[in-house]
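Q: Okay, predicted coordinates and the sequence, questions at the end:
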Number of protein chains: 4
Amino acid sequence: MKYIYSLNFRVRDYECDLQGIVNNANYQHYTEHTRNEFLRAHGLNFAELHDQGIDTVVARLSMQFKSPLRSGDDFVTRLALRKEGLRYVFMQDIYRLPDEKIVLKAVTDIVCLVNGRLQDCQLLNERFKDYI
Amino acid sequence: MKYIYSLNFRVRDYECDLQGIVNNANYQHYTEHTRNEFLRAHGLNFAELHDQGIDTVVARLSMQFKSPLRSGDDFVTRLALRKEGLRYVFMQDIYRLPDEKIVLKAVTDIVCLVNGRLQDCQLLNERFKDYI
Amino acid sequence: MKYIYSLNFRVRDYECDLQGIVNNANYQHYTEHTRNEFLRAHGLNFAELHDQGIDTVVARLSMQFKSPLRSGDDFVTRLALRKEGLRYVFMQDIYRLPDEKIVLKAVTDIVCLVNGRLQDCQLLNERFKDYI
Amino acid sequence: MKYIYSLNFRVRDYECDLQGIVNNANYQHYTEHTRNEFLRAHGLNFAELHDQGIDTVVARLSMQFKSPLRSGDDFVTRLALRKEGLRYVFMQDIYRLPDEKIVLKAVTDIVCLVNGRLQDCQLLNERFKDYI
């Protein structure tokens, strides 16, 4: 597995809950935003795809929470990609900065719905051909 | 001003931030959800309106935060409505339950975009005719 | 596996994203809120536990997204529980109402930090003794 | 009124709702995050302040929504500050980039609770002395 994309973030205070740490659901936001910026870096746009009848949707995900992020922490999300059948499998890990402490290990399986029907997406295959 | 609609809620823990109180942005969620349920009670549906080219959008809002809600608090949002020009003016107040302590006083001005253009919306006028 | 708790919800429009369906991160909110209400039904309180130095945290989760929820949908979350070592394993499924269509199958592993250290939590063990 | 701080953002897709535009509550998130980064730039930290018994809370806010942000838009938030009695009044405007189209005009009144009691906060007064 080799990371092919990364994106830097800073925790926003409203993302922390009453335990004083980032609420778990926000890690899904971070990984989703990273995938969508990765799409953008390959000339694809989540919203425009939707308007063209192509919806990339999450089929399954798994997350291991290794250590929490806190108010003001800087962190980087890193992404690797492979394809299994119709599924684009994104391995997405989060590291706190600057100490590179592992925060999250996540795997997200994305599939394409074209006009509402599950099918292979030539557009994504072509843009991701160097990775899959 | 007379309340014409109310909706009961319970605070969800993920809505609280590291201060241990509901994060302010969630009060906008509560008042938005109340307006949309009020629409629904009058046979209107925010998502279907959008699909028909009618978008109800917030033009301005003001909020006075009187006392905070905390984890597990029950509360009620109450709504009054008047019309000023093209604007539907929703007065929306939140009270903690069961002690009826005032939490929030908000005023939200909604306007209609029909196919992207600001205009008076006969559909809303007709459904809200008892109030405006 | 036998469900031991359930909670009813309605989708709020702000939970839907530009694809017109509930954004995936909100399913984590739904399952978290369900677990915390389950705690409350057993005399426990997420916020009070935190104030006592006991933090229940998610160690890992997996989610299978079976079909999307949309604006205004009613749904029920159902919960089963078992214990594996130090982990409380919550199986949490979501069904759309009234047709009982499966929406989500999730497994969330919770562990206890007592004063910041991972350890077995006698309080939870005692309250959950009928299930684990 | 003179802007004394600015912060750049990009819209994240999960911040857009089914109308395809940023959900209004997120503008509160943007302005809150901007204020907290402004605090940080002056050696203050929202979370550490809370741990010291100093909570900065929103007393009131008003927002005028001028034009919506959409998926992928870049924007800047700009901030001016004055003091009125015990209230720190933040004028916070959002402009889309690169065309500088006005998006939002907001005014947020912040007060300090010291150990839960409303009072003037010498720490903030001292750090903000150039502006207030």
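A: Done, it's in. Numbers count the residues shown, from 1 in each chain, chains lettered A, B, ... in the order given.
Q: Tell me the helix or strand right after the strand or helix carrying A:H33.
A: Taking DSSP states H and E as the definition, one finds A:H33 inside helix A:25-41. Toward the C-terminus, helix A:25-41 is succeeded by helix A:46-51 as the next helix or strand (DSSP H and E).
Q: what does chain A have sitting close to chain B?
A: Residues of chain A lying close to chain B (C-beta under 8 Å from any C-beta of the partner chain) are A:D13, A:Y14, A:C16, A:D17, A:L18, A:G20, A:N23, A:A25, A:S71. All C-beta atoms are positioned from the backbone trio N, CA, C, and that covers glycine.
Q: next SSE after the helix or strand bottoming out on mean pLDDT in chain A?
A: Ranking every helix and strand in chain A by mean pLDDT, DSSP states H and E puts helix A:46-51 at the bottom, with a mean of 88. Once the chain leaves helix A:46-51, the next helix or strand it forms, by DSSP H and E, is strand A:54-65.
Q: Quick check: what element follows that next one along the chain?
A: Proceeding N to C from strand A:54-65, the next assigned helix or strand is strand A:74-84, under DSSP H and E.
Q: hang on, the earlier thing: list the buried residues of the least confident helix or strand of chain A.
A: Buried residues in helix A:46-51, counted by 16 or more other C-beta atoms under 10 Å in any protein chain shown: A:F46, A:A47, A:L49, A:H50.
Q: Check stretch A:36-46 too.
A: A:N36, A:E37, A:F38, A:L39, A:R40, A:L44, A:N45, A:F46.
Q: For the residue located most distally from the centre of chain A, which residues are in contact?
A: Within chain A, the residue lying farthest from the chain centre (C-alpha atoms, centre = their mean) is A:L18, at 25.4 Å. For A:L18, the contacting residues are B:D13, B:C16, B:D17, B:L18, B:G20, B:S71, C:F46, C:A47, C:H50, by C-beta atoms under 8 Å, 6 or more residues apart in numbering or on different chains.
Q: Do you know the pLDDT at it?
A: A:L18 carries a pLDDT value of 89.
Q: For it, which three-state class applies?
A: Recorded secondary structure, A:L18: coil (DSSP: H, G, I helix; E, B strand; the rest coil).
Q: For the residue nearest to it when sequence neighbours are not counted, give the beta-bridge partners.
A: Nearest residue to A:L18, sequence neighbours excluded (C-beta to C-beta, 6 or more residues apart in numbering or on different chains): B:C16, at 4.4 Å. With beta bridges defined as DSSP bridges, B:C16 has these partners: B:V22.
Q: A:S67 touches A:Y95, doesn't it?
A: No. At 10.0 Å, A:S67 does not count as touching A:Y95 under the criterion of C-beta atoms under 8 Å.
Q: In terms of neighbours, single out the busier of the two.
A: Between A:S67 and A:Y95, counted using other C-beta atoms under 10 Å in any protein chain shown, the more crowded position is A:Y95 (18 against 12).
Q: Please say whether there is contact between the least confident helix or strand of chain A and chain D.
A: Yes. Using C-beta under 8 Å from any C-beta, a contact is recorded between helix A:46-51 and chain D, made by A:F46, A:A47.
Q: What is that helix packed up against?
A: Applying 3 or more C-beta pairs under 8 Å, 6 or more residues apart in numbering or on different chains; DSSP states H and E, we find helix A:46-51 packed against helix A:25-41, strand A:54-65.
Q: can you tell if the longest one touches chain C?
A: Meaning helix A:25-41. Yes. Counting by C-beta under 8 Å from any C-beta, contacts between helix A:25-41 and chain C involve A:A25, A:N26, A:Q28, A:H29, A:E32.
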